[in-house]
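Asker: Let's see this in three dimensions:
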Amino acid sequence: MKEVETAENLDEVRENIDRIDRQIVQLIAERGAFVRQASNFRRKAVAKCAEP
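Answerer: Model prediction:
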C-alpha cells in the first residue's frame, strides 16, 4: 500500500480527498465497462449453447 503524504493544511487534505474521489469514480466507470463486456461474452456463450 502506498504511503500517505502528510498534508500541510486542511485545504491540502480536501484537495487530496477530491483527487482520490475522482480516481475512484474513473475506476468504477472502467470496471463497469468490463462488466458490460463480460455480460456480452456470457450472453453469446449462452446463445451458442442453445443453438440446435
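Asker: what about N16, neighbour count?
Answerer: Neighbours of N16 under the rule other Cβ atoms under 10 Å: 13. C-beta here means a position set from N, CA and C on the backbone, and glycine is covered the same way.
Asker: Quick check: which element contains it?
Answerer: Using DSSP states H and E, N16 sits in helix 10-50.
Asker: Check which helices and strands that helix sits against.
Answerer: With contacts taken as 3 or more Cβ pairs under 8 Å, 6 or more residues apart in numbering; DSSP states H and E, helix 10-50 sits against no other helix or strand.
Asker: That one: how far from the chain's middle?
Answerer: In terms of Cα atoms, centre = their mean, to the nearest Å, the centre of helix 10-50 is found 3 Å from the chain centre.
Asker: Show the average pLDDT along that helix.
Answerer: Mean pLDDT, computed over helix 10-50, is 95.
Asker: Give me the phi and psi angles of E3.
Answerer: Taking degrees, to the nearest 10, you get phi -70, psi 140 for the backbone angles of E3.
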